[in-house]
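Novice: here is my input; please provide its structure:
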Amino acid sequence: MGSGGSSSGSGGSGAMGGAAGPTDITCMPWDRVPIPGTETVLVNNTWNEGWADGQAYTQCLRRRTTDEGEQYGWQWSWPEYKPYSSYAAPEAVFGWKAWDGGASTTTALPRRIDALDSLTVDFSVELTAEPMHALNTTMWVTTTDVASEEKNPADIRNEIMVWFSNPGDLGGGIDYDGEVTLGDIPFEVWHQINQPDASGGTTHTWTMMIYEAQVDLHEATLDLKLVLDDGVSRGLIDATHAVGGVELITEIFGGSGELWLERFEVEALPEP
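Specialist: Residues are numbered from 1 along each chain as shown. A predicted model of the protein is given here:
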């Protein structure tokens, strides 16, 4: 994934538990919305909107009040799927991204892989969508562990995706590396060396890895350090490189849907 463009959109409304129904916070591409009281920021990521070839789309960050408190999420409507790229990746970000630059949301990341004992993600989402999407956590690995103010995609060496849900049976066309069980979750593993930016935002390439869960999960707890260590053992990741952040993403390959964050927590140990 990489850089994006601009457009506009609109949302809808609803109700839950007698509380305030959903409202749009913003429908502007690349707007960032911190979640109060957390180290997480929502990003209205439309990284490859050019793939829509000028067709209309909407994608909005949203908020609602439930009986359990305020929830945040996003809603989308994109053109039909066409092989093979996604249109967008609305996300919750904990940490820092070389694609974006700026301050990290947390002092815990970026961090060198060999300086981490664990990097645990604990999430739960309410997700209702047409099947052409993937729910994943993504980590961008860079050579340095500095959260630079400027964007620095040329420093990226790895894109590590853990697909927890893949209802459209997306994937294929890259190197298959077999199966592995991490944290009691069975995965199939894939990789691509010299992965390009399909949006054309940069000519830089990197090594992409996909860990595809063989069960469909909208809720999970996983130590992502197990994933990173597995990639290191395969010779595809350098342990002296750094994880910038952890993102929870719906990568959208077509159609419409919405996601609500019920829980998204990341813990990096040891604490800095």
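
Novice: give me the pLDDT for the closest residue to residue 185 other than its chain neighbours.
Specialist: Among residues not flanking residue 185 along the chain, residue 213 sits closest, at 5.4 Å (CB to CB, 6 or more residues apart in numbering). In this view, the C-beta of every residue, glycine as well, is placed from N, C-alpha and C. The per-residue pLDDT reported for residue 213 equals 98.

Novice: quick check: bridge partners of residue 213?
Specialist: Counting by DSSP bridges, residue 213 is bridged to residue 187.

Novice: thought it was touching residue 186?
Specialist: Yes - using CB atoms under 8 Å, residue 213 is in contact with residue 186, at 7.1 Å.

Novice: looking at these two, which one has more neighbours?
Specialist: Neighbours per residue (other CB atoms under 10 Å) separate residue 213 from residue 186, with residue 213 holding more: 20 against 12.

Novice: and the strands in the stretch 51-200 of the chain?
Specialist: Using DSSP state E, counting those that start in this stretch, the strands of the stretch 51-200 of the chain run over residues 58-66, 69-78, 91-95, 111-112, 118-129, 133-142, 156-165, 175-182, 185-195.

Novice: ok, which of the ones you listed comes nearest residue 230?
Specialist: Closest to residue 230 of those, according to CB to CB: strand 175-182, at 5.9 Å.

Novice: got the buried residues for the closest one?
Specialist: 177, 180, 182 (16 or more other CB atoms under 10 Å).

Novice: nearest to residue 195 among these?
Specialist: Checking the buried residues of strand 175-182 against residue 195 with CB to CB, the nearest one is residue 177 at 14.6 Å.

Novice: other SSEs contacting the top strand by length along the chain?
Specialist: Across the chain, the longest stretch assigned as strand under DSSP state E is strand 255-269. Contacts defined by 3 or more CB pairs under 8 Å, 6 or more residues apart in numbering; DSSP states H and E place strand 255-269 against strand 58-66, strand 69-78, strand 91-95, strand 118-129, strand 133-142, strand 245-252.

Novice: adjacent strands (with direction) for the shortest one?
Specialist: To tie it back to what came earlier, the one meant is strand 91-95. Using DSSP bridges, the strands paired with strand 91-95 are strand 41-43 (antiparallel), strand 245-252 (antiparallel).

Novice: ok, now the longest one?
Specialist: Applying DSSP bridges to the sheet, strand 118-129 is found paired with strand 219-223 (antiparallel), strand 255-269 (antiparallel).

Novice: these into a markdown table, with extra columns for mean neighbour count and mean pLDDT?
Specialist: As requested, these are arranged in a markdown table below (neighbours: other CB atoms under 10 Å; pLDDT from 0 to 100):
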| stretch | mean neighbour count | mean pLDDT |
| --- | --- | --- |
| strand 219-223 | 18 | 98 |
| strand 255-269 | 18 | 98 |
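
Novice: closest one to residue 262 among the strands of the stretch 51-200 of the chain?
Specialist: Of all the strands of the stretch 51-200 of the chain, it is strand 118-129 that lies closest to residue 262, at 4.2 Å by CB to CB.

Novice: extract the C-alpha trace of the closest one and format it as CSV.
Specialist: Output in CSV follows, covering the C-alpha atoms of strand 118-129 (Å, rounded to 0.1, in the frame of the first residue of the first chain):
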residue,chain,number,x,y,z
SER,A,118,6.3,-9.4,22.7
LEU,A,119,3.9,-7.3,20.6
THR,A,120,0.4,-8.3,21.5
VAL,A,121,-2.7,-7.2,19.6
ASP,A,122,-6.1,-7.7,21.2
PHE,A,123,-9.1,-6.7,19.0
SER,A,124,-12.8,-7.3,18.5
VAL,A,125,-14.9,-5.7,15.7
GLU,A,126,-18.5,-5.7,14.5
LEU,A,127,-18.1,-6.1,10.8
THR,A,128,-20.9,-6.3,8.2
ALA,A,129,-19.7,-6.2,4.6
